[in-house]
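Q: here is the input, now give the coordinates:
(4 chains)
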Number of protein chains: 2
Amino acid sequence: MSITIKDVAKAAHVSVATVSRVLNNKSNVSEDAVEAVNQAVKALGYSPNFLGRDLRKSETRRILAIIASTEQSFYSEVLRGMEEAAAIKGYDVLIATTRDDPRHEMHLLGMLFSRSVDGAVLLGPKLSAEEISGLAQNHNIAMCLERLENCNVLTVTIDNVKAGYDAVNYLIGKGRRRIGLITTKQRSQSSIDREKGYKHALEDNGIEYDENLVYYGSYEAESGTKGCEALMKIENKPDAIFAISDMIAIGAMNYALSAGINIGKDVLFFGFDDIQYSHIFVPHLSTVRQPCFMQGKLVVEKLLENMKSDEPDRSLYTLPHSLILRETTGD
Amino acid sequence: MSITIKDVAKAAHVSVATVSRVLNNKSNVSEDAVEAVNQAVKALGYSPNFLGRDLRKSETRRILAIIASTEQSFYSEVLRGMEEAAAIKGYDVLIATTRDDPRHEMHLLGMLFSRSVDGAVLLGPKLSAEEISGLAQNHNIAMCLERLENCNVLTVTIDNVKAGYDAVNYLIGKGRRRIGLITTKQRSQSSIDREKGYKHALEDNGIEYDENLVYYGSYEAESGTKGCEALMKIENKPDAIFAISDMIAIGAMNYALSAGINIGKDVLFFGFDDIQYSHIFVPHLSTVRQPCFMQGKLVVEKLLENMKSDEPDRSLYTLPHSLILRETTGD
DNA sequence: CTATTATTTGTTATCGTTTTCATCAGAAAC
DNA sequence: GTTTCTGATGAAAACGATAACAAATAATAG
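A: Sure thing, here's the model as predicted:
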């Protein structure tokens, strides 16, 4: 049916071994043979069947990035970092989406178990810490952007507690005492950590925690809008709002704008992620930026190292974040 | 090293053939055997090596979606459609990014040539029509969202000429005669087609085309801002602006807002794509919505059909778009 | 009770590569 | 002129699964 290495061998009047050698540019092969094989390859339009190759070598030089969906444009930079690190070592990065379904996430990990890829990076996993811990014992798995409590897996992320702390602390430094928090009901570790940072910052500044100032919604912008409305209708209104994502913050600001609130003066806003829109949307949003590219790059570097080693590194790497100050904090 | 079907066979006291049969739940196998094999599989933690299986079956049941980058959140729905259609037939969808580099796009297509995937869908290819046409002769390739002139490939897209026409025609229906166009220097077929629609609409309504009303920029929002500024500074200002993407439109509106222009009254705005932000950003943007999910679904359905058939369908399928009317056109 | 069919099994070839090993020619060494 | 080394080659054995075929057993028919 389709052209195989045998056909090339026949056409070039050499053995399949020689063809293989030429294709993998090994040293021990004569000029003539190289010439003949290359000619035959071109003439026949041959391209090697990687299933055969990969089976024999038992490696695919591919790694799989598992994400919830491509919707969060925010993953884009992380993936670029992953691709860069991979390319340097001659690996490709494939992406697959879980659609927020842990069973489908497991199905995708099947590509790893069945050796269709050499390693996998989970960006915001839906599986439990136990499950992932277990799987990571025997397979090349890493996590990025999200850490999981009690999960013995190579992880690259930022310190979300500190990031939340820094953002809220900055608002306090601006003289604010009534700081609202808009977060999500669905608990990812990062949202938990950011909330923790929020509380610590209040504590360290002698501000009492007020549960009325916390709104639990979803990741949608609309949820931010609702959250802001709710917070603005309580007795002792907030004078600043920290949202655990830019999307939520932008939604929140939409309410504020429609309610005639002077953003950056009456109420300060702080977001998280520094998505593209956060510097397009007016007023420009102050936010926490995480080193997306670097996280992606590092996690793949470490993962590839692990694949060579028989003493896999299961550490947690924490990269530094930074505060981006714009109009919504009056900067 | 790792556990193979032989180990399972030994543990279950059956032959490898029986194990294979159980794994693929074939009919001709006894209860006892099924039981024994399943037990052995669980006990050993076996998972089959798909490289072996795929090699033998010469199919992977995977298709590759090749996109420029995951940045355009806009692809997300298309991919969901692709995944749905694929899942129905027992296929997985993998995603890979070209980083706008035609050579890398070719490298990724290598996964198809080397039989690591069974088919590929190009979403906004960087390769030329000739190249793709050639490759599509011998391989399962399809295109989605973008068509290519003189390209003999299965394609699913919308009628971008008509879409541009409809948008501009709507603006004209609102009494506008000076309609600006903000498009891109880098010519994708869709942008060419949308511009063509713009011109046809003017023509059909007896409005003379004025090249001063057309701004050529990039896909960035900032480019829209610049474009709007430029258009607003010409002698005979536009009373409406059609941008070939929502991102550009939002950028353009940013200028209009800062210049104190009354959007939806002084100047109408029309975008394209209906990205998530277009109904978050205030004022809400009127835009052209394309059936992303359906396009993704259809292209995979047709591609999978082609894979079975030896008379591949290389048609161009055009799905209907719709106008979403919001505040920026005074609706 | 034998003949026939149906069901369940195992043996073995096969998918397309890479790689080990043996061979063989030619060059270098003595 | 024999021996030793080198470099280039091919034959054949992997890699881990499936499938074609054959064989064995169980079930049914006569």
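Q: the residue nearest to A:M307 when sequence neighbours are not counted and B:D331, how far apart?
A: Leaving aside its chain neighbours, A:M307 sits nearest to A:N140 (5.3 Å; criterion: Cβ to Cβ, 6 or more residues apart in numbering or on different chains). Every residue, glycine included, has its C-beta placed from N, CA and C. Distance of A:N140 to B:D331, computed by Cβ to Cβ, to the nearest Å: 53 Å.
Q: repeat for A:V8
A: A:V8 is 64 Å from B:D331, where distance means Cβ to Cβ.
Q: for A:I95, same thing?
A: 38 Å.
Q: which residues of chain A lie near DNA strand C?
A: Selection of chain A residues close to DNA strand C by Cβ under 7 Å from any atom of the strand yields A:1-2, A:4-6, A:16-17, A:19-21, A:23-24, A:46, A:48-49, A:51-53, A:55-57.
Q: all strands for the stretch 51-200 of chain A, in order.
A: A:62-67, A:92-97, A:119-123, A:141-144, A:154-158, A:179-184 (DSSP state E, counting those that start in this stretch).
Q: any low-confidence regions in chain A?
A: A:1 (pLDDT under 70).
Q: need the contact partners of stretch A:71-83.
A: Outside stretch A:71-83, the residues within contact range by Cβ atoms under 8 Å, 6 or more residues apart in numbering or on different chains are A:63, A:65, A:67, A:93, A:95, A:121, A:123, A:144-145, A:273, A:275-276, A:292-300, B:69-73, B:76, B:97, B:99, B:276.
Q: what's the local residue count around the residue nearest to A:C292 when sequence neighbours are not counted?
A: Nearest residue to A:C292 in three dimensions, chain neighbours excluded: A:E77, at 3.6 Å (Cβ to Cβ, 6+ apart). For A:E77, the neighbour count with other Cβ atoms under 10 Å in any protein chain shown is 20.
Q: A:N49 too?
A: Neighbour tally, A:N49, other Cβ under 10 Å: 20.
Q: and A:G81, how far from A:E301?
A: 10 Å.
Q: ugh, wrong one, A:F113
A: 23 Å.
Q: repeat for A:T225
A: Noted for A:T225: a distance of 40 Å to A:E301, by Cβ to Cβ.
Q: for A:Y91, same thing?
A: For A:Y91 relative to A:E301 (Cβ to Cβ), the value is 11 Å.
Q: what about those two, which has more around it?
A: When neighbours are counted by other Cβ under 10 Å, A:Y91 and A:E301 differ, and A:Y91 comes out ahead with 22 against 18.
Q: would you confirm that that one contacts A:L303?
A: No: shown here, A:Y91 and A:L303 do not form a contact pair, counting by Cβ atoms under 8 Å, at 9.5 Å.
Q: anything in contact with each of these two?
A: Applying Cβ under 8 Å, 6+ apart, one finds that A:Y91 and A:L303 are jointly contacted by A:I63.
Q: returning to what we had before: now the residue nearest to A:M307. Its backbone dihedrals?
A: Main-chain torsions, A:N140, degrees, to the nearest 10: phi -80, psi 90.
Q: list the contacts for it?
A: Contacts of A:N140 (Cβ under 8 Å, 6+ apart): A:L112, A:D118, A:G119, A:A120, A:L303, A:N306, A:M307, A:P312.
Q: can you pick the most crowded of those?
A: Busiest of the contacts of A:N140 [other Cβ under 10 Å] is A:L303, holding 27 neighbours.
Q: return the residues in contact with A:T97.
A: Residues in contact with A:T97 (Cβ under 8 Å, 6+ apart) are A:I66, A:I67, A:A68, A:S69, A:T70, B:L79, B:E83, B:I95.
Q: out of these, which is nearest to DNA strand C?
A: B:I95 (25.5 Å; Cβ to the nearest atom of the strand).
Q: for the closest one, give its distance to B:G296.
A: Noted for B:I95: a distance of 12 Å to B:G296, by Cβ to Cβ.
Q: which of these two has more neighbours?
A: Remark: of B:I95 and B:G296, B:G296 carries more neighbours, 29 against 24, as counted by other Cβ under 10 Å.
Q: tell me which helix or strand that one sits in.
A: helix B:292-308 (DSSP states H and E).
Q: centre of the chain versus that helix, how much separation?
A: 12 Å (Cα atoms, centre = their mean, to the nearest Å).
Q: what comes up buried for it?
A: B:292-304, B:306 (16 or more other Cβ atoms under 10 Å in any protein chain shown).
Q: for these, which one is nearest DNA strand C?
A: B:N306 (20.3 Å).
Q: got the residues of the stretch 201-331 of chain A near DNA strand D?
A: Close to DNA strand D, as judged by Cβ under 7 Å from any atom of the strand, the stretch 201-331 of chain A has no residues.
Q: can you give me the strands for the stretch 201-331 of chain A?
A: Applying DSSP E, counting those that start in this stretch to the stretch 201-331 of chain A gives strands spanning A:214-217, A:240-243, A:268-272, A:286-289, A:316-319, A:322-324.
Q: may I see these organised as TSV, with distance to A:Q39 and mean neighbour count added?
A: Shown next, in TSV, are the strands of the stretch 201-331 of chain A (distance: least, Cβ to Cβ, whole Å; neighbours: other Cβ atoms under 10 Å in any protein chain shown):
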stretch	distance to A:Q39	mean neighbour count
strand A:214-217	65	20
strand A:240-243	63	30
strand A:268-272	58	28
strand A:286-289	54	24
strand A:316-319	49	15
strand A:322-324	56	16
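Q: of all those strands, which lies closest to B:A163?
A: Closest to B:A163 of the strands of the stretch 201-331 of chain A, according to Cβ to Cβ: strand A:268-272, at 33.6 Å.
Q: now do that closest one against strand A:179-184, angle only.
A: Relative orientation of strand A:268-272 versus strand A:179-184 (axes from the mean of the first three to the mean of the last three Cα atoms, to 10 degrees): 30 degrees.
Q: adjacent strands (with direction) for strand A:268-272?
A: strand A:240-243 (parallel), strand A:286-289 (parallel) (DSSP bridges).
Q: restricting to C-alpha, output it in CSV.
A: C-alpha atoms of strand A:268-272 as CSV (Å, rounded to 0.1, in the frame of the first residue of the first chain):
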residue,chain,number,x,y,z
LEU,A,268,-9.7,50.6,43.6
PHE,A,269,-9.5,47.4,41.6
PHE,A,270,-6.9,44.7,41.4
GLY,A,271,-7.0,41.8,39.1
PHE,A,272,-4.9,38.7,38.5
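Q: how close does A:A142 get to DNA strand D?
A: Here A:A142 is placed at a distance of 24 Å from DNA strand D (Cβ to the nearest atom of the strand, to the nearest Å).
Q: pretty sure that residue contacts A:C151?
A: No: with contact defined as Cβ under 8 Å, A:A142 does not reach A:C151; the gap is 11.1 Å.
Q: higher neighbour count, these two?
A: Between A:A142 and A:C151, counting by other Cβ under 10 Å, A:A142 is the more crowded of the two (26 against 22).
Q: so the more buried one bridges to which residues?
A: Bridge pairing for A:A142 - DSSP bridges - gives A:V121, A:L154.
Q: list the contacts of it.
A: Going by Cβ under 8 Å, 6+ apart, A:A142 touches A:119-122, A:153-156, A:299-300, A:302-303, A:306.
Q: just A:R147 next, same as before
A: Contact analysis of A:R147 by Cβ under 8 Å, 6+ apart lists A:T155, A:T157, A:Q189, A:S190, A:L316.
Q: redo the strands of the stretch 201-331 of chain A as TSV? Include distance to B:H321.
A: Formatted as TSV, the strands of the stretch 201-331 of chain A follow (distance: least, Cβ to Cβ, whole Å):
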stretch	distance to B:H321
strand A:214-217	32
strand A:240-243	34
strand A:268-272	33
strand A:286-289	34
strand A:316-319	43
strand A:322-324	37
